[in-house]
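Enquirer: This is a predicted model, with the sequence first.
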Amino acid sequence: MKTRLVLPLLGYGGGSLFRVSEEREAEDVLSYAYDRGFRYFDTAPLYARGLGEHWFGTALRQRDRDDFILSTKVGRRLRPSCASPAPDDGLSFELHYDYSYDGVLRALDDSLQRLGLCRVDIVYIHDVNPRWQGADYERRFAEAMRGAYPALERLRSEGIVRAIGVGVKGADVCLRFAREGDFDFFMLAGGYTLLEHAALDEFLPHCERHGIGVVVASPFNSGILATGAVPGARYFYAEAPPEIIARTRRLEAVCAEYGVPLGAAALQFTLAHPAVASAVCGYRTTREVDTNLHWSTLAIPPAFWQALKASGLIPAAAPVPS
């Protein structure tokens, strides 16, 4: 049975946005977001090699635990590393993959220790990625379905977690998991945005038909759909290639014609699909929190969306805000 867990439209995610020395600043921004109404928070052992879970827990553990939804991930575990001096972009741990049944149970216990909390609500299988070639990818996928999935299914059936899912970059990988398991949510990283539409073909319709919620992480494709095509604009955590710069400039031209901020269009486009339950962004400042809250509710004229479709910048069949 699918979960009845309902996510807020905007979620707060990340942990790799801050260095170790900025942990207090990170806690302050997260607490500000909480006070502005954010109630869904997503982290992972991967983020700054454990630091993300530490500062999420520090910021959240004094709150009423029933007042917010928290997710973390399994499949990437941490081993102590005696690097000297210690790194300033994360804690002194090395990451390794472990999608085994016992490894996932241990990983979740480790996460609760770092968070300092009694439970999490959603657990995602993290980062099973087709960038692995051939047999290696198939081996990891099989390990996740034979190990991680039964472990999470048990935790869900026992009520220890409220929902389970998969968090990866590719819509094709999400679709494969969706066809082989009973998942409540998928976290699709940057895979359904004004610049990325492949999820419309099969994945999002499948989720809509089967009552699966989709959480779109990085609806700005890690930067460029918030900043625009500025010098050094980021796309999937690297400098944006020329073709993405060109498409973004075309999007900006339509935005300028209708007086619509590019970021508002990006956020609302992602949220308009009926399968999308939430959009999760990382926040470095309180101003970014306020900006996204404003963008999420800004009135955008229907003619703007029609113009994007007429120019071929978004598919004609893509759902848009009504």
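Expert: Yep, it's here. Computed from a predicted model, the values in this text were never measured in an experiment. Numbers count the residues shown, from 1 in each chain.

Enquirer: the helices in this structure, which residues?
Expert: Secondary structure of the chain, counting by DSSP state H: helices at 23-35, 51-60, 101-115, 134-143, 149-157, 171-180, 203-210, 224-227, 242-258, 262-272, 286-297, 302-310.

Enquirer: TSV please, covering these and showing mean neighbour count.
Expert: The C-beta positions use only the backbone N, C-alpha and C, and glycine is treated the same way. Shown next, in TSV, are the helices of the chain (neighbours: other Cβ atoms under 10 Å):
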stretch	mean neighbour count
helix 23-35	18
helix 51-60	24
helix 101-115	18
helix 134-143	13
helix 149-157	18
helix 171-180	19
helix 203-210	19
helix 224-227	24
helix 242-258	15
helix 262-272	23
helix 286-297	16
helix 302-310	16
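
Enquirer: wait, what's in contact with Pro315?
Expert: Listed by Cβ atoms under 8 Å, 6 or more residues apart in numbering, the contact set of Pro315 reads 197, 200, 309.

Enquirer: Tell me the bridge partners for the residue nearest the centre of the chain.
Expert: In the chain, the residue lying closest to the centroid (Cα atoms, centre = their mean) is Ala217, at 2.8 Å. Beta-bridge partners for Ala217, by DSSP bridges, are Ala189, Val280.

Enquirer: my guess is it contacts Asp42, does it?
Expert: Yes: Ala217 is within contact range of Asp42, at 7.4 Å (criterion: Cβ atoms under 8 Å).

Enquirer: what is in contact with these two at once?
Expert: Common neighbours of Ala217 and Asp42 (Cβ under 8 Å, 6+ apart) are 13, 187, 280.

Enquirer: and the angle for the lowest-mean-pLDDT helix or strand in the chain with helix 101-115?
Expert: Scoring the helices and strands of the chain by mean pLDDT, DSSP states H and E places helix 134-143 at the bottom, with a mean of 88. On the basis of axes from the mean of the first three to the mean of the last three Cα atoms, to 10 degrees, helix 134-143 is oriented at 80 degrees to helix 101-115.

Enquirer: Taking helix 149-157 as reference, get the angle to helix 134-143.
Expert: With the same axes, to 10 degrees as the basis, helix 134-143 and helix 149-157 are set at 30 degrees to each other.

Enquirer: which residues does the residue nearest to the centre of the chain contact?
Expert: Counted by Cβ under 8 Å, 6+ apart, Ala217 has contacts 13, 42, 167, 187-190, 279-281.

Enquirer: Please tell me how far the closest residue to Ser100 other than its chain neighbours sits from Arg106.
Expert: Counting by Cβ to Cβ, 6 or more residues apart in numbering, Ser100 lies nearest to Gly147, which is 4.2 Å off, once chain neighbours are set aside. Distance, Gly147 to Arg106, by Cβ to Cβ, to the nearest Å: 12 Å.
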